[in-house]
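1. need the 3D shape of this:
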Amino acid sequence: MSGDYTQVIGKTNIPVMASYVAYDGEAPLISNEGFALTTKAMPRMKLAYNFNEKSAREGAYLLNNSGLPNYAPIFESFKKDSASLIAGIHTQLSFTSLQIESTGKYISTASNNGGGIRGLQFDFQVPATNKNAAGGFGTYGTKNAWSSASAYPIGDLLDMVKYADDNFLLDTSRAVIRMNKATWNTFRNHASTKAAVAIQITMGALDPANLTKYAVTDDQIRSYTTSLGLPTIEVVSWNGIHQWLNPTTQKIEKNALVAFADNTVVLRPAGQIGEVQWQAPTTLFSTQANPLYITDNGMIGVQQEVFSARKAMQFTAEFTGIPVPYDVTTLLYLDVASAAA
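-> Residues are numbered from 1 along each chain as shown. Below you'll find the model as predicted:
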């Protein structure tokens, strides 16, 4: 009801062993680690389309002539309805979610929030110690960006898992390693990765001079990393389109977006690591002439507005809320484009 989201940040609880004492002895006390609570106003997103007399007449004409094959794709452009608006809300929500997961924050820009507020930021306060560059989490990896032939990406993943275990950050037996497709391609195509997998497959019988030429599959790479005790590697393949007004050309342009940040590897608990917190849309301004429709279990409102003088109407979908991660102290981030100092 308040329109604020709430984030709880607490130290991971590792069970403390009990101590043997005398039958009438005092029980040793364990410390209460405590937690931090932060709140902030939820953002609101909207998407709309107009429908006027000209559109209605053209749509009716195309419908009457839809038997002609060349009219079919044209008519499709007039079939926008509230379903496309709701899909747009969900697309932004999933983009925001993956941005938060892969960076620990969301920042609005011209390319991902055209027509809206730029510079809007929601930082979920991932500890700085949970973020490192290549070679920074341990000694298996090398202090080289993954673009370097001297890098050892598999070693970096081993370092992340060992760091998480040594510092009791999360149960790595129930964790996953996440990256986007471009980062996965960098990992799978690195000479050290291909060589390690090829050596295992051929039991060392392959001529070292031909190691980098040996073709290995994604399944073979995953099988090899799993055999090393690494968690499952998940590749996030999310792509979307966002349109915005180019201030230079004054034309509407479409940007292809990748939601999960490039050159980023995240070690995190498997499964759901957060929740969407939202505020129900208000029906205060819903009238018989301009009704508000509620959908998606009360999360999204679609307002219909009729402008009689202009012989037009507008449909606007709105959602107030944001994905909020659970305890961010359980998330580890590796920047593979940079080398640790």
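2. residue ranges with poor pLDDT in this protein?
-> 11-15, 29-35, 37, 51-82 (pLDDT under 70).
3. show me where it has helices.
-> Taking DSSP state H as the test, the helices found in the chain are 53-64, 72-76, 82-103, 153-166, 181-189, 191-202, 218-227.
4. what's the closest of those helices to residue 287?
-> helix 82-103 (17.8 Å; C-beta to C-beta). To be clear about C-beta, it is placed using only N, CA and C from the backbone, and glycine gets the same treatment.
5. what's the angle between the closest one and helix 181-189?
-> Put simply, helix 82-103 runs at 50 degrees to helix 181-189, going by axes from the mean of the first three to the mean of the last three C-alpha atoms, to 10 degrees.
6. so which bits of helix 82-103 are buried?
-> Residues of helix 82-103 classed as buried: 82, 85-86, 88-89, 91-93, 95-103 (neighbour count, 16 or more other C-beta atoms under 10 Å).
7. longest strand anywhere in the chain?
-> Taking DSSP state E as the criterion, the chain has its longest strand at strand 312-325.
8. and that strand, what does it pack onto?
-> If you count contacts as 3 or more C-beta pairs under 8 Å, 6 or more residues apart in numbering; DSSP states H and E, strand 312-325 packs onto strand 4-10, strand 44-52, helix 82-103, strand 274-279, strand 300-307.
9. if we ignore the residues flanking it in sequence, what's nearest the residue nearest the centre of the chain?
-> Most central in the chain under C-alpha atoms, centre = their mean is residue 98, positioned 0.7 Å from the mean C-alpha point. Spatial nearest neighbour of residue 98, excluding adjacent residues (C-beta to C-beta, 6 or more residues apart in numbering): residue 259 at 3.6 Å.
10. what's around the one you found, how many residues?
-> As a burial measure, residue 259 scores 21 neighbours (other C-beta atoms under 10 Å).
11. wouldn't residue 307 be in contact with residue 313 here?
-> Yes. In this structure, residue 307 is within contact of residue 313 by C-beta atoms under 8 Å, at 6.6 Å.
12. show me the contacts for residue 27.
-> Contact analysis of residue 27 by C-beta atoms under 8 Å, 6 or more residues apart in numbering lists residue 21.
13. and it, how far from residue 21?
-> 7 Å (C-beta to C-beta, to the nearest Å).
14. got it, and residue 98?
-> For residue 98, the distance to residue 21 - C-beta to C-beta - is 50 Å.
15. now residue 47
-> Applying C-beta to C-beta, the value for residue 47 to residue 21 is 64 Å.
16. what does stretch 285-298 contact?
-> With C-beta under 8 Å, 6+ apart as the test, stretch 285-298 has contacts from 82, 86, 280-281, 283, 300-306.
17. before we move on, what about stretch 237-254?
-> The contact list for stretch 237-254, computed with C-beta under 8 Å, 6+ apart, reads 91, 94-95, 98, 110-115, 180-181, 255-260.
18. and it, what's buried?
-> Neighbour-count burial for stretch 237-254, counted by 16+ other C-beta under 10 Å, picks out 240, 242, 244.
19. not counting residues beside it along the chain, what's closest to the second one?
-> Closest residue to residue 242 in three dimensions, ignoring its sequence neighbours and counting by C-beta to C-beta, 6+ apart: residue 255, at 5.1 Å.
20. what number of residues lie near that neighbour?
-> Number of residues near residue 255 (other C-beta under 10 Å) recorded here: 15.
21. surely it is in contact with residue 111?
-> Yes. Contact criterion C-beta under 8 Å: residue 255 and residue 111 qualify, at 4.8 Å.
22. give me phi/psi at residue 284?
-> phi -60, psi -30 (degrees, to the nearest 10).
23. could you tell me how many residues sit around it?
-> Neighbours of residue 284 (other C-beta under 10 Å): 6.
24. how much space separates it from residue 85?
-> Per C-beta to C-beta, residue 284 is found 21 Å from residue 85.
25. and if you look at residue 298?
-> The spacing between residue 298 and residue 85, counted by C-beta to C-beta, is 16 Å.
26. in stretch 174-192, what's buried?
-> Under the neighbour-count criterion of 16+ other C-beta under 10 Å, stretch 174-192 has 175-180, 183-184, 186-188, 190, 192 buried.
27. and for stretch 108-121?
-> Neighbour-count burial for stretch 108-121 flags 108, 110, 112-114 (criterion: 16+ other C-beta under 10 Å).
28. reformat those residues as TSV; add distance to residue 149.
-> Listed next are those as TSV, based on distance: C-beta to C-beta, whole Å:
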residue	distance to residue 149
108	38
110	36
112	34
113	38
114	39
